[in-house]
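J.: I would like to see how this sequence folds:
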Amino acid sequence: MKLRLALLALAASIASSAALANEHEIAALMRLGSEASLSVGGPLDGRLERSVAIPDKGPGFERPSARRPEARFGTVEMVRGLVRAARAVHERYPGGTLIVHDLSLEGGGPIARHESHQAGRDVDVLYYLLDTEGRPTRSVGAILGPDGRGVDFRNLQDPSDDFHVALDVPRTWAFLEALALDPEAGLQRVFLAEHLRTLLFRHAAREGRPEAVAKLAEMTCQPSTPHDDHMHLRFFCSPDDVRAGCEDTHPIYPWRRAALRKFGLEPKLHRPRPDRPRAKTVSAEEARAAAGPLHADVEAWLEMRKSWMKPPRTGRKYCP
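T.: Numbers count the residues shown, from 1 in each chain. So this is what the prediction gives:
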């Protein structure tokens, strides 16, 4: 009994020390100046001359240790924006955790499994999720269907451990809203599945702040791969980085041009070189082949998914 109590006390002490270390790391991040990072070029053909790492954990967010540790770097503006937005959700809706996946390599450049993510201004995050009782549950890369529901197929060959989940619309919207209204972060694009965008904007019509709704209506769209299991966020160049050769992709919104003009700047458009170095990516067909045998429910989900792999019928094009 004494040994058990001692081990519990030790575990609590270690957890407390780790939390304190994370607090110090986040406080140091928030004190950094814009010179802490430098993004040069664009998302498809760029680099980071200086970068900052996102902390492993903080109020309302976590970057799992199982993710590639080398892919945790970005601009100071983007990383701080993520930390602030996750904290805002945590304070408004306690209980959920933003799961952060890949950012960029420390020096940028091509990164395996990504066409972009080269200049420190792209990041993948998972959707906030709920369990079948409506309680926050740890986010996973589960495919979410038109009704926002999905299944965490933990063992692709065995249905006995399937775990049903649903999009946590209020938390996901609150996160995007916080980013859209953060002037330093400079959110440019949110790549996500059209049907999940629809669910978010139904909620926003009732709960969203008008400025955020207007901005996110422009920023959000489905790319050629639907992004039904995670969101890909892209951020604008900071004014200091524009001066150093940072390049933005389309679209350049009127409010973006107005913000740059306050610094006497105009946006530089990214035109990636045809012969640029490219990282190895994995197609849907290759991923399916590597998965091996699948149980019937997984096969059914993949078949259903084909219906939203086509261009959205909304009048909007795929995200460029």
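J.: how near is Leu260 to Asp241?
T.: 11 Å (CB to CB, to the nearest Å). Placement of C-beta: from N, CA and C, glycine included.
J.: of those two, which one has the most company?
T.: Asp241 (27 against 19; other CB atoms under 10 Å).
J.: and that one, helix, strand or coil?
T.: The local conformation at Asp241, judged by DSSP: H, G, I helix; E, B strand; the rest coil, is helix.
J.: how about the contacts made by it?
T.: Taking CB atoms under 8 Å, 6 or more residues apart in numbering, we find Asp241 in contact with Ser37, Leu38, Ser39, Val40, Thr75.
J.: give me the distance between it and Asp45.
T.: From Asp241 to Asp45 the distance is 15 Å (CB to CB).
J.: quick check: buried residues in stretch 145-153?
T.: By 16 or more other CB atoms under 10 Å, the buried positions in stretch 145-153 come out as Gly145, Gly148, Gly150, Val151, Asp152, Phe153.
J.: could you report the neighbour count for the closest residue to Arg138 other than its chain neighbours?
T.: Nearest non-adjacent residue to Arg138, counting by CB to CB, 6 or more residues apart in numbering: Thr97, 6.8 Å away. Residues near Thr97, counting by other CB under 10 Å, number 21.
J.: check Ala290 too.
T.: When neighbours are defined as other CB under 10 Å, Ala290 has 8 of them.
J.: now do the same for the closest residue to it other than its chain neighbours: its pLDDT.
T.: By the measure of CB to CB, 6+ apart, the closest residue to Ala290 outside its immediate chain neighbours is Val282, 7.9 Å from it. For Val282, the pLDDT comes out at 83.
J.: what do you get for the one 3 residues further on?
T.: Per-residue pLDDT puts Glu285 at 82.
J.: now it, what are its backbone angles?
T.: phi -70, psi -40 (degrees, to the nearest 10).
J.: quick one, what contacts it?
T.: For Glu285, no contacting residues are found, by CB under 8 Å, 6+ apart.
J.: other residues contacting stretch 173-188?
T.: Contacts of stretch 173-188 (CB under 8 Å, 6+ apart): 77-78, 80-82, 84-86, 88-89, 92-93, 98, 121, 125, 128, 190, 200, 203-204, 207-209, 211-212, 215-216, 219-220, 233-238, 248-249, 256, 259.
J.: average pLDDT for that stretch?
T.: The model assigns stretch 173-188 a mean pLDDT of 98.
J.: mind listing what's buried along that stretch?
T.: 173-182, 185-188.
J.: would a markdown table of those residues with secondary structure and distance to Leu265 be doable?
T.: Formatted as a markdown table, the buried residues of stretch 173-188 follow (DSSP: H, G, I helix; E, B strand; the rest coil; distance: CB to CB, whole Å):
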| residue | secondary structure | distance to Leu265 |
| --- | --- | --- |
| Trp173 | helix | 31 |
| Ala174 | helix | 31 |
| Phe175 | helix | 29 |
| Leu176 | helix | 26 |
| Glu177 | helix | 27 |
| Ala178 | helix | 25 |
| Leu179 | helix | 22 |
| Ala180 | helix | 21 |
| Leu181 | coil | 22 |
| Asp182 | coil | 19 |
| Ala185 | coil | 18 |
| Gly186 | coil | 13 |
| Leu187 | strand | 18 |
| Gln188 | strand | 16 |
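J.: name the nearest of the residues you listed relative to His227.
T.: Set against His227, the nearest of the buried residues of stretch 173-188 by CB to CB is Leu176 (13.3 Å).
J.: so His270 sits against Gly42, correct?
T.: Yes: counting by CB atoms under 8 Å, His270 does reach Gly42; the two are 2.9 Å apart.
J.: which of the two has more neighbours?
T.: Gly42 (23 against 18).
J.: re earlier: report the contact partners of the residue nearest to Arg138.
T.: Counted by CB under 8 Å, 6+ apart, Thr97 has contacts Gly60, Phe61, Glu62, Pro136, Arg138, Ser139.
J.: do a quick rundown of the helices in the stretch 201-320 of the chain.
T.: 210-219, 239-243, 254-261, 284-291, 296-305 (DSSP state H, counting those that start in this stretch).
J.: poorly predicted segments of the protein, please.
T.: Within the chain, the stretches with pLDDT under 70 are 1-21, 311-318, 320.
J.: report the secondary structure state of Val165.
T.: At Val165 the chain is in strand, as set by three-state DSSP.
J.: which among the contacts of Thr97 count as buried?
T.: Buried among the contacts of Thr97 (16+ other CB under 10 Å): Gly60, Phe61, Glu62, Pro136, Ser139.
J.: is it true that the first one touches Arg87?
T.: This means Gly60. Yes: in this structure, Gly60 is within contact of Arg87 by CB under 8 Å, at 5.3 Å.
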